[in-house]
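# Sequence first, then the predicted structure:
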Amino acid sequence: MSLNRRKGAGSDTRDGPSSPDTTPKKRATRNDILSDHFTASTNERTMQTIFDMYAGASSGQGIMHIAEALGIKDIFYPRKKINVMIIGNHSSGKSSFINWYVGEHVQKTGVAIETQGFTLVTSGKKRETLLGVATLQLFPHLSDIKAIQDTITKHLATEVSISNERKFAEITFLDTPGLVDGSFNYTFPVDEAILWWAQYADLILLFFDPIGQALCHRTMSIVERLNENYGDKMRYYLSKADDVDNEQDRQKVLIQITQNLSSKIRNQKFDLPTIYLPRADRKSHVPNAINEILHDIEKTINLNVQRGLNQLEIDSKKIVDEINARLDRQKVLIQITQNLSSKIRNQKFDLPTIYLPRADRKSHVPNAINEILHDIEKTINLNVQRGLNQLEIDSKKIVDEINARLDQDAANRRHNSSAARKGLMYSALACLMPIILVMYIMCGVMDRQTLTQRNHFYHVLVAVQTVAHWLNMLPEQYSLHFMLALGVLFIVFILASKWVWRYKPTLTKKDVSVLRDQRRYIEETVMQRKHDLYQDYFAQFVSGEFDP
């Protein structure tokens, strides 16, 4: 079908019904309607050949198949037909022109608003009328029109003609609803629908009826909006010009329409030639530019053939360039891989291709940049895990250090207590040595009677007598040695007291309290927060509740 933009491999882009058939009468199938004419013009054969090269009809390996295999997304099937859309007020001669061009009465005509919907008129093998649903089945890409209104389907139709007149086999006409102002109520947004169809048109013909509502507001509004995007496609004609016999009246109408068009069409030149359908039974001296329409249609057909040939060359070059680029990339990849293999031993590695995506440039090279994003995200997740793990390890280190310090403080306190006891013992023993010496001397210089007479020395006497009893066992010649021994023992006990009576450092009560508070904070706050963070982290990947 011609009313389509160039579609991809997965879309139905055939140009529509195309040639007559003499097979026994039966209901036309979709393939029957879409077949080409048996007798085709040079342009038809050229476009059919181009289409076959895309589809691979003869070789079995067409451009679309190769493009799909290479992942090239911007190659589409060519259009075999051009699309000619005709717009105008009611009774402007749109349907009559199509009937005249086709050479068959395919569209109703009359003074009343006969065309109240959109009708596609195309060529095929058998005369057929398709309603809205069938039209969208035949041309599935047109289903987007339902976005304008769901019920617009019932205002669509397709007329398939077997005519071979003129260039009809290479054209699909689109007959649009007659435009009127006033009380007439369209059942769908006709302005938006016409603008939607314009994107598919190769040529837009605007017919102005010199007698009817040529200057109606709706027509002029649509003309203005169409010119914003499709001005180069539009052609303007004063249709049915032979209905105005008076030259002055005709010129007046031309001036009025031209002035109105000039206010809508800015920065663009336009002509408004007069046209009418030639009739054998009626001669007119009014200039008839209907051959200009035929010329514009033929010119548009030729341009479509040129576009097809140019696009064939562009797409073919695109495929060849892609194949060459892949081969070159493959050579580079092999070279790099071989060099890496000699450096990286006992380890597997990949070498994907990457590049930065650009909105203004499409590439069919495999792009593994998402793998980098995945690796970065994976590394971030691993870093989070390491952070949580390190938090636990460091918290345990701190708790262990606090426990070690508290345990060491307790051990130091026990050691200090033991050292104090031992130091006191050795100090007492050291003090005992001079006392024994004094007692020994007293036993030698004072007699018993003297000591007894002094009652307050009685207890001392008892002690001295006890010591003397033991000392008298020593021979007298060893007295000096005994005293020296007492002196040595005194020194030894003094030194021993100083040696054992050494304190290790201990923590203050405030330090102990601070350490215990820090340990409680780590165990109760930090470790619980770490557990909560783990739950939040796992929630990104796994659904469900986690046991604490």
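Alright, I've got the coordinates.

# Can you get me a residue count around the residue nearest to Leu333 when sequence neighbours are not counted?
Distance criterion C-beta to C-beta, 6 or more residues apart in numbering; nearest residue to Leu333, sequence neighbours excluded, is Leu351 at 5.8 Å. The way it works is simple: take the backbone N, C-alpha and C, and place the C-beta from them, glycine included. Leu351 has 11 neighbours, counted by other C-beta atoms under 10 Å.

# Then His531?
13.

# Would you mind measuring from it to Phe76?
For His531, the distance to Phe76 equals 58 Å [C-beta to C-beta, to the nearest Å].

# again with Lys510
83 Å.

# The spatially most central residue of the chain: which element?
Centroid check for the chain by C-alpha atoms, centre = their mean gives Asn370 as the closest residue, at 10.3 Å. If you go by DSSP states H and E, Asn370 is part of helix 369-445.

# Repeat that for Asp245.
Of the helices and strands defined by DSSP H and E, none includes Asp245.

# what do you get for Lys510?
Using DSSP H and E, Lys510 sits within helix 509-520.

# In terms of pLDDT, where does Ser35 sit?
If you check Ser35, the pLDDT there is 45.

# ugh, typo on my part, it should be Leu437
Looking at Leu437, its pLDDT stands at 75.

# what residues are up against it?
Taking C-beta atoms under 8 Å, 6 or more residues apart in numbering, we find Leu437 in contact with Met483, Leu486, Gly487.

# Now render these as a markdown table, adding neighbour count and pLDDT.
Shown next, in a markdown table, are the contacts of Leu437 (neighbours: other C-beta atoms under 10 Å; pLDDT from 0 to 100):
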| residue | neighbour count | pLDDT |
| --- | --- | --- |
| Met483 | 15 | 76 |
| Leu486 | 18 | 78 |
| Gly487 | 13 | 85 |
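
# Mind picking the one among these that's closest to Ser341?
Here the nearest of those to Ser341, counting by C-beta to C-beta, is Gly487; it sits at 89.3 Å.

# Spatially nearest residue to the closest one (excluding sequence neighbours)?
Closest to Gly487 by C-beta to C-beta, 6+ apart is Met433, at 7.3 Å.

# Look up how far Leu424 lies from that neighbour.
Here Met433 is placed at a distance of 16 Å from Leu424 (C-beta to C-beta).

# More neighbours: which of these two?
Neighbour totals were compared for Met433 and Leu424, and Met433 leads with 20 against 13 (other C-beta under 10 Å).

# and Leu120, which of the three is it?
Assigned by DSSP: H, G, I helix; E, B strand; the rest coil, the conformation of Leu120 is strand.

# Dig out what it forms beta bridges with.
As for beta bridges, Leu120 partners with Thr158, Leu174 under DSSP bridges.

# any idea how far Ala359 is from it?
Leu120 is 35 Å from Ala359, where distance means C-beta to C-beta.

# Compare the two (neighbour count), which wins?
The residue with more neighbours, out of Leu120 and Ala359, is Leu120; 25 against 5, by other C-beta under 10 Å.

# That one contacts Leu174, correct?
Yes - at 5.9 Å, Leu120 and Leu174 qualify as touching, with contact defined as C-beta atoms under 8 Å.

# any idea how far Thr300 is from Lys269?
Going from Thr300 to Lys269 by C-beta to C-beta gives 19 Å.

# repeat for Tyr54
According to C-beta to C-beta, Tyr54 stands 37 Å off from Lys269.

# same check, this time on Asp375
Going from Asp375 to Lys269 by C-beta to C-beta gives 60 Å.

# So those two - more neighbours on which side?
Asp375 (10 against 5).

# Next one: the more buried one, what pLDDT does it get?
For Asp375, the pLDDT comes out at 88.

# Kindly report the same for Tyr458.
We have a pLDDT of 57 for Tyr458.

# One more: Lys509?
90.

# what about it, distance to Ser161?
109 Å.

# The two - which one has more neighbours?
Legend: neighbour count by other C-beta under 10 Å for Lys509 and Ser161, higher for Ser161 (25 against 8).

# Report the contact partners of that one.
Contacts of Ser161 by C-beta under 8 Å, 6+ apart are Val102, Glu104, Val106, Val121, Thr122, Ser123, Gly124, Arg127, Phe168.

# Now, of those residues, which are buried?
For the contacts of Ser161, a burial check counting by 16 or more other C-beta atoms under 10 Å picks out Val102, Glu104, Val106, Val121, Thr122, Ser123, Gly124, Phe168.
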